[in-house]
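Undergrad: Sharing a model that was predicted from the sequence below.
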Amino acid sequence: MIDGRFAGSFRVRVKWGAAVLFIFLAPLSAGPSQRSTDSPKYWYWFQECPDARKMGFNVVVDSKRIYHGEFSACHMERENIHPSGEEKQISFHFAGGRIFPGGDGSYLPERYYSKPTENIEGGIWQAGADPNDLILGLSLSIPDKILLNTAYIVYPGKATKSSDDGIEMKTYPLK
């Protein structure tokens with residue numbers, strides 16, 4: 001026959017043992033989707049996600065639109081991005097015929113006067129990802145010179161406009 005004191009003591013030990021076992025095993029039973037919510041999310045362009053924000057953008061040089069494009073922005077964990085979107089680069093060309101400022105930390109040691117017959121190449125890529133925005137890089141060049149290399153902050157879902165010496169990047173949400 002079991003003594004009453006022993007039976008009570010046994011019940012307490014089983015309850016404490018179950019509590020300790022639960023504390024150690026509970027995190028293991030939380031699936032990967034629950035644990036991954038602690039990972040920070042950043043904005044990336046050209047990704048696929050259910051809640052993508054469609055954005056349009058224009059590159060404007062001296063009040064003339066020289067390029068128009070669209071992209072989807074997704075707020076996602078870094079480990080879920082598709083590398084092809086992150087590595088995406090957009091290229092475009094336009095005729096010269098303008099002054100590119102130089103000096104003061106510019107890529108050009110002095111002003112550069114592009115000829116109207118020169119073909120200027122532009123490039124846009126994702127230069128950075130942050131929790132609240134994404135950063136697009138813009139470069140303009142001719143075969144032997146970088147004329148401009150700058151970055152623009154884009155707030156997905158909001159209109160933005162940034163300018164640098166007559167060169168503007170405008171972004172806006174699409175429906």
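TA: Here it is on my side, so go on.
Undergrad: for this structure, which strand is longest?
TA: When secondary structure is assigned using DSSP state E, the longest strand within the chain turns out to be strand 64-77.
Undergrad: Report the rounded mean pLDDT for that strand.
TA: Strand 64-77 shows a mean pLDDT of 92.
Undergrad: Stretch 101-111 too?
TA: Summarised as a single mean, pLDDT over stretch 101-111 is 72.
Undergrad: That one: end-to-end distance?
TA: Start to finish, the residues bounding stretch 101-111 are 5 Å apart (CA to CA, to the nearest Å).
Undergrad: Can you name the residues that contact the nearest residue in space to residue 63 that is not next to it in sequence?
TA: In space, not counting the residues next to it along the chain, residue 63 is nearest to residue 166; the distance is 8.0 Å by CB to CB, 6 or more residues apart in numbering. In short, each C-beta sits where N, CA and C put it, glycine included. For residue 166, the set of contacting residues under the criterion of CB atoms under 8 Å, 6 or more residues apart in numbering consists of 61, 62, 63, 98.
Undergrad: Can you flag the buried ones in those residues?
TA: Among those, those buried by neighbour count (16 or more other CB atoms under 10 Å) are 61, 98.
Undergrad: will you turn the contacts of residue 166 into CSV that also has distance to residue 148 and secondary structure?
TA: Supplementary listing: the contacts of residue 166 in CSV, determined by distance: CB to CB, whole Å; DSSP: H, G, I helix; E, B strand; the rest coil:
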residue, distance to residue 148, secondary structure
61, 10, strand
62, 13, coil
63, 17, coil
98, 11, coil
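Undergrad: Closest to residue 69 out of the contacts of residue 166?
TA: residue 61 (14.9 Å; CB to CB).
Undergrad: pretty sure that closest one contacts residue 98?
TA: Yes - using CB atoms under 8 Å, residue 61 is in contact with residue 98, at 6.8 Å.
Undergrad: Could you tell me how many residues sit around residue 158?
TA: Close neighbours of residue 158, defined as other CB atoms under 10 Å, add up to 12.
Undergrad: Would you check which pair of the contacts of residue 166 lies furthest apart?
TA: When those are compared pair by pair using CB to CB, the two farthest from each other are 63 and 98, 11.2 Å apart.
Undergrad: Retrieve the pLDDT associated with residue 50.
TA: As predicted, residue 50 sits at a pLDDT of 86.
Undergrad: do the one 10 residues further on as well
TA: Model confidence at residue 60, expressed as pLDDT, equals 95.
Undergrad: Point out where the chain drops to low pLDDT.
TA: Low-confidence regions of the chain, defined here as pLDDT under 70, cover residues 1-37, 84-86, 103-107.
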